[in-house]
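In: test case, fold it:
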Amino acid sequence: MNISKIYFGAVVPNELSKFYLNLLNDGFKVKIFDKTNNREIYNYFSAEIRNTFLWTFNIKNVDDFCGLANDIVAPICNNYYANIFERDNSIIICFETGIIFVLSKDMDVVDKYLKRIPDTKLDEMDLKRFYEIHKYTDVMMDNYSEAHIYAYVLELYKKIYVKFLREELLISNKYEYCNYKFLDFKRDIYENP
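Out: All right, here's what the predicted structure looks like:
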């Protein structure tokens, strides 16, 4: 994994399946985790996190899954809380809420797949400092394991999602709906430490 920066953006949640299909058609593949080859990641995360954030650990027949057509894989991915796609030295992590992280040195990948949130909106939501989150160097990559990077992205997701919920609550007249979403998020945090 050779990553230089982590960026985040958003996609409308009900358009995620189409977004997944675009990624797959452009050569991205679903990141398949293996209990043997990815032992460090498997041991690092709890079973609940592995079942939601790293669900591909549970794929029984990897060859059959990899042989599926893209228009079948995209809706399958849409059924999960989070999906990780990879191509070359770029990784895209998508959550069912529409929050997306792009880990890449290639600005073409960032610009193509990430719907940038305007700076004024980032400032308003107090998210500007998270936008270009971390710059990695090759020396730093030697000190970070892949598991730590995924854990870091998961923690960033929680912080950013709380900011999105706060913003939605401030602009929404649907208090009960926002309260439900916040309680659902809190449940996810406590069930998926």
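In: switch to C-alpha atoms for all contacts and neighbour counts from now on
Out: Fine.
In: helix, strand, or coil at residue 74?
Out: helix (DSSP: H, G, I helix; E, B strand; the rest coil).
In: so it makes contact with residue 25?
Out: No - with contacts counted by CA atoms under 8 Å, residue 74 stays clear of residue 25, the gap being 10.0 Å.
In: more crowded one of the two?
Out: Counted by other CA atoms under 10 Å, residue 74 and residue 25 do not tie: residue 74 has more neighbours, with 22 against 14.
In: show me the longest helix that occurs in this structure.
Out: What stands out as the longest helix in the chain, according to DSSP state H, is helix 146-171.
In: what are the buried residues along that one?
Out: Across helix 146-171, burial judged by 16 or more other CA atoms under 10 Å covers 147, 149-151, 153-154, 157, 160-161, 164, 168-169.
In: will you turn these into TSV that also has distance to residue 62 and pLDDT?
Out: Below are those laid out as TSV (distance: CA to CA, whole Å; pLDDT from 0 to 100):
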residue	distance to residue 62	pLDDT
147	21	87
149	24	85
150	21	89
151	24	89
153	25	87
154	25	90
157	28	87
160	32	80
161	32	83
164	35	75
168	39	68
169	41	64
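In: and the residues you listed as TSV, adding distance to residue 56?
Out: Shown next, in TSV, are those (distance: CA to CA, whole Å):
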residue	distance to residue 56
147	15
149	17
150	14
151	16
153	17
154	16
157	19
160	24
161	23
164	27
168	31
169	33
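In: pull the most distant pair out of those residues.
Out: Longest distance between any two of those is 33.0 Å, between 147 and 169; criterion CA to CA.
In: closest one to residue 31 out of the buried residues of helix 146-171, please.
Out: Using CA to CA, the buried residues of helix 146-171 come closest to residue 31 at residue 150, 12.2 Å.
In: where along the chain do the strands fall?
Out: 5-10, 29-30, 82-87, 90-95, 99-103, 132-135 (DSSP state E).
In: deepest-packed of those strands, please.
Out: Scoring the strands of the chain by mean neighbour count under mean count of other CA atoms under 10 Å gives strand 99-103 as the most buried, with a mean of 25.
In: note down every partner strand of that strand and its orientation.
Out: strand 5-10 (antiparallel), strand 90-95 (antiparallel) (DSSP bridges).
In: dump that strand to PDB, restricted to CA.
Out: Taking C-alpha atoms only, strand 99-103 is exported to PDB below (Å, rounded to 0.1, in the frame of the first residue of the first chain):
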ATOM      1  CA  ILE A  99     -19.000   9.400   2.900                       C
ATOM      2  CA  ILE A 100     -16.100   8.400   0.800                       C
ATOM      3  CA  PHE A 101     -12.300   8.400   1.400                       C
ATOM      4  CA  VAL A 102      -9.800   8.300  -1.400                       C
ATOM      5  CA  LEU A 103      -6.300   7.300  -0.500                       C
END
